[in-house]
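**Student:** I need the structure of the sequence given here:
(chains A and B)
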2 protein chains.
Amino acid sequence: MRILVLGGDGYLGWPTAMYFSQLGHEILVVDNLAKRQWEAEIDSIPLQALPTLRHRVRLWEEVTGKEIGVAVGDIAENHRFVYDTFGDFEPEAVIHYAEQPSAPYSMAGRDHAVYTQRNNVIGNLNVLHAMQKHVPDAHLVKLGTMGEYGTPNIDIEEGWLDVELNGRKDRLPFPKLPGSFYHLSKVHDSHNIHFACRVWGTRCTDLNQGVVYGITTDETELHPDLHTSFHYDAVFGTVLNRYCVQAVVGEPLTVYGAGGQRRGFLNIRDTLQCVRLAVENPADKGEFRVFNQFTEVFSVLELAEMVVAAAKHLGMDAQIAHIDNPRVEAEEHYYNPRNDALLALGLTPRLLSEELVEDILSRVARHADSIDRATLLPTVRWRHADVPAPTR
Amino acid sequence: MRILVLGGDGYLGWPTAMYFSQLGHEILVVDNLAKRQWEAEIDSIPLQALPTLRHRVRLWEEVTGKEIGVAVGDIAENHRFVYDTFGDFEPEAVIHYAEQPSAPYSMAGRDHAVYTQRNNVIGNLNVLHAMQKHVPDAHLVKLGTMGEYGTPNIDIEEGWLDVELNGRKDRLPFPKLPGSFYHLSKVHDSHNIHFACRVWGTRCTDLNQGVVYGITTDETELHPDLHTSFHYDAVFGTVLNRYCVQAVVGEPLTVYGAGGQRRGFLNIRDTLQCVRLAVENPADKGEFRVFNQFTEVFSVLELAEMVVAAAKHLGMDAQIAHIDNPRVEAEEHYYNPRNDALLALGLTPRLLSEELVEDILSRVARHADSIDRATLLPTVRWRHADVPAPTR
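**Tutor:** Down below sits the predicted model:
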């Protein structure tokens, strides 16, 4: 199958490209390499310096004999590039990661809010239009986020809600309570895609993904330079990855507020598994299909406690520090999201264990000297002082 | 009260500016005058040539002795202009009409879809950030559209829905089924504003307005050159206004498809009344308040039949022609939107009557020679041939 991986230089995009290449598919990776600029802007570096995309692609061919194509360009700013890429490659599946992925980055002021929504929403609009023109039967596998839903006081269904009102019924898009301008951009994308499905017959699977953790996949293990970017800073680092780095360098694990914030989580290897299940079982023509993509729910405090316990096995004395929550979010709330759809397709979750956390800790420890502690604490704040904290 | 009218050169913005000025408020009008460019682009002209904004403001002062301030600038492209305007004028209320308002324009291809969402979403983001910085207690009165809801098979509440699921309850944003990239831009705005209310304590009233008809207000009647722009073409003309022009020039009234599309409608004079009620009864700090702003529901076929009947009284022999529906929309559907909130605040609707239609027809007839029939038929099509028509 010809598979286009948009955002293939990123934390998830690069492992995805290798994974599908290894499965025998024809892969073209697209990226504008903007993450490199964002890193410099916020003074963040990944745990290991990341070889260039083209270097890794050459190495991938040396190691496996398989080719991955590369097209460098900006899907939001250069629509001709998007149209040409779709017209020339004619993908059967499009895996779309090419978005600014950080909530704190999007909350760093007007410029960052506008940049995030322009980049994500317009990039996605260009993709929808290019698909409609060149590959109207292709399947869009779009990465959304569980953060689109926020934390409603009801169970979170998968994208849709059966509503009964005054004796009448309909199945409608699940109401959204996104918690940052980044999360909002994904909600906007979901609405735009749903419309394209209705009007143009676009096929789409919108993957509302939980928080990803982990550092390795089968493919990253094939050569040291095939690793993916692992961020641990307060802007681009996901929470478990950041805790592990804090434990390794002897800094307290910073839990935002009370720590009762419950979220869906999954291993980076399960991201690959979920995306494969979506690609292999495409949405119908005109179908806007939504999967909640996570394997387990934890509170951020529970995660910190697990890291403390795992660190102890390795002789590290990790501490937890509750700090002022820079975000606006409920710190104790109901949370019961469903994830039946991917399980029904055959997802076999790799559950989080202290053993897995120990493995992450050990790998992080090899690079302990390069870790920049200054980037671990949050600097972007959501709330203005006179606004009361929400209860959900 | 200091009131900022964003989009004050437009069909609704200009009458709004005069109306609040007449009520004794201090008014500053902001506009980028882009509508003049869009008109040229699609070869559309309003029924009467529109004097420049500054000309009408000078005339307003001559006629009434009242000043209306003017600031020409682009709220989407020039955020410094937005911040400076909010910082200098310090509005207590912000009435925001400054968006690309046409569904067909937004569906004319990728460029127009992207332009519409960039212009509307980023302009609104700039307004939210400027309010947060300079006037965090001001009240945003944002013009949305009933088209955000689409035509669900349940009653349409006002912005919110009480959901019960598996024995638990929450009050959540009403699910949206917008029908064009324009309507989607308003949904995106609503989500962004709701977030600003939650995080920054912004006060907002989101007015989900129906289709406006009418040509005159008390203020436009004060001098012939104080009229507002009246579009009748298939891109910017609202449906009743277009029907009236078709009747006057002896063209068939073009009903899209079966004509059972039911929508909320209101007189332009009631737009002013509703906006005044919102401004005089501001939302609470942090409240995202949604009003459905219409007075009556008609199908587009019923409206055409009313125009035919009114035209007959004036000796015009108007005909109805059902043409292929250029849009993707259900042509027979359930539609029961609520509008209790504005009624509870004291809205006294001016219901549509054959007499009012006769008045519009008579006014249009005075300008019959200038009407360009070539712009009456739709040229922008939503649907691709292989996508089945929706049932709702």
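**Student:** got a list of what A:Thr254 touches?
**Tutor:** A:Arg242, A:Gln246, A:Ala321, A:Ile323, A:Leu376, A:Leu377, A:Pro378 (C-beta atoms under 8 Å, 6 or more residues apart in numbering or on different chains). Quick note: C-beta positions are derived from backbone N, CA and C, even for glycine.
**Student:** again, only using 10 Å
**Tutor:** For A:Thr254, the contacting residues are A:234, A:239, A:242-243, A:246, A:300, A:304, A:320-324, A:326, A:376-378, by C-beta atoms under 10 Å, 6 or more residues apart in numbering or on different chains.
**Student:** in strands only, show me these.
**Tutor:** Among those, the members found in strands (DSSP state E) are A:Ile320, A:Ala321, A:His322, A:Ile323.
**Student:** out of the contacts of A:Thr254, which are buried?
**Tutor:** The neighbour-count test (16 or more other C-beta atoms under 10 Å in any protein chain shown) applied to those identifies A:Ala234, A:Val239, A:Arg242, A:Tyr243, A:Gln246, A:Val300, A:Ala304, A:Ile320, A:His322, A:Pro326, A:Leu376, A:Pro378 as buried.
**Student:** so A:Glu99, which state does it fall into?
**Tutor:** coil (DSSP: H, G, I helix; E, B strand; the rest coil).
**Student:** my guess is it contacts A:Gly7. True?
**Tutor:** Yes - with contact defined as C-beta atoms under 10 Å, A:Glu99 reaches A:Gly7; the gap is 6.8 Å.
**Student:** can you show me the strands along the stretch 51-200 of chain A?
**Tutor:** For the stretch 51-200 of chain A, strands defined by DSSP state E, counting those that start in this stretch occupy the ranges A:68-72, A:93-96, A:139-145, A:160-165, A:168-173.
**Student:** in CSV, list those along with mean neighbour count, distance to B:Gly250 and mean pLDDT.
**Tutor:** Shown next, in CSV, are these (neighbours: other C-beta atoms under 10 Å in any protein chain shown; distance: least, C-beta to C-beta, whole Å; pLDDT from 0 to 100):
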stretch, mean neighbour count, distance to B:Gly250, mean pLDDT
strand A:68-72, 18, 55, 98
strand A:93-96, 26, 50, 98
strand A:139-145, 27, 47, 98
strand A:160-165, 16, 45, 97
strand A:168-173, 15, 42, 98
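**Student:** distance to A:Arg198 added to these, as JSON lines?
**Tutor:** Formatted as JSON lines, those follow (distance: least, C-beta to C-beta, whole Å):
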{"stretch": "strand A:68-72", "distance to A:Arg198": "30"}
{"stretch": "strand A:93-96", "distance to A:Arg198": "19"}
{"stretch": "strand A:139-145", "distance to A:Arg198": "14"}
{"stretch": "strand A:160-165", "distance to A:Arg198": "14"}
{"stretch": "strand A:168-173", "distance to A:Arg198": "11"}
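**Student:** wait, which of those is closest to A:Met18?
**Tutor:** Of all these, strand A:68-72 sits nearest to A:Met18, with 7.4 Å by C-beta to C-beta.
**Student:** same for that closest one, what does it pack against?
**Tutor:** Judged by 3 or more C-beta pairs under 10 Å, 6 or more residues apart in numbering or on different chains; DSSP states H and E, the packing partners of strand A:68-72 are strand A:2-6, helix A:13-22, strand A:26-31, helix A:53-64, helix A:79-89.
**Student:** dump it to CSV, keeping only the CA atoms.
**Tutor:** What follows is strand A:68-72, C-alpha atoms only, in CSV (Å, rounded to 0.1, in the frame of the first residue of the first chain):
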residue,chain,number,x,y,z
ILE,A,68,11.4,5.5,2.6
GLY,A,69,10.8,8.6,0.4
VAL,A,70,11.2,12.1,1.8
ALA,A,71,9.5,15.3,0.7
VAL,A,72,10.4,18.4,2.8
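**Student:** okay, angle between that strand and helix A:13-22 too, please.
**Tutor:** Taking axes from the mean of the first three to the mean of the last three C-alpha atoms, to 10 degrees, one finds strand A:68-72 and helix A:13-22 inclined to each other by 150 degrees.
**Student:** how about residues contacting strand A:68-72?
**Tutor:** Residues outside strand A:68-72 that contact it (C-beta under 10 Å, 6+ apart): A:2, A:4-6, A:8-9, A:14, A:17-18, A:20-21, A:25-33, A:52-54, A:56-58, A:60-61, A:81-82, A:84-85, A:88-89.
**Student:** repeat that with 6 Å
**Tutor:** With C-beta atoms under 6 Å, 6 or more residues apart in numbering or on different chains as the test, strand A:68-72 has contacts from A:Ala17, A:Ser21, A:Ile27, A:Leu28, A:Val29, A:Val30, A:Leu53, A:Arg54, A:Val57, A:Trp60, A:Thr85.
**Student:** which of these has the most neighbours?
**Tutor:** In terms of neighbours by other C-beta atoms under 10 Å in any protein chain shown, the contacts of strand A:68-72 top out with A:Ala17 at 32 neighbours.
**Student:** what parts of the stretch 51-200 of chain A come near chain B?
**Tutor:** A:110, A:113-114, A:122, A:125, A:129, A:152-155, A:163, A:165-166, A:168, A:170, A:172-173, A:175, A:184, A:187-188, A:191-192, A:195, A:199-200 (C-beta under 6 Å from any C-beta of the partner chain).
**Student:** just the buried ones from those?
**Tutor:** Buried members of those, counted by 16+ other C-beta under 10 Å: A:110, A:113-114, A:122, A:125, A:129, A:152-154, A:163, A:165, A:170, A:172-173, A:175, A:184, A:187-188, A:191-192, A:195, A:199-200.
**Student:** enumerate the residues of the stretch 201-350 of chain A near chain B.
**Tutor:** Going by C-beta under 6 Å from any C-beta, the residues of the stretch 201-350 of chain A near chain B are A:Gly201, A:Val328.
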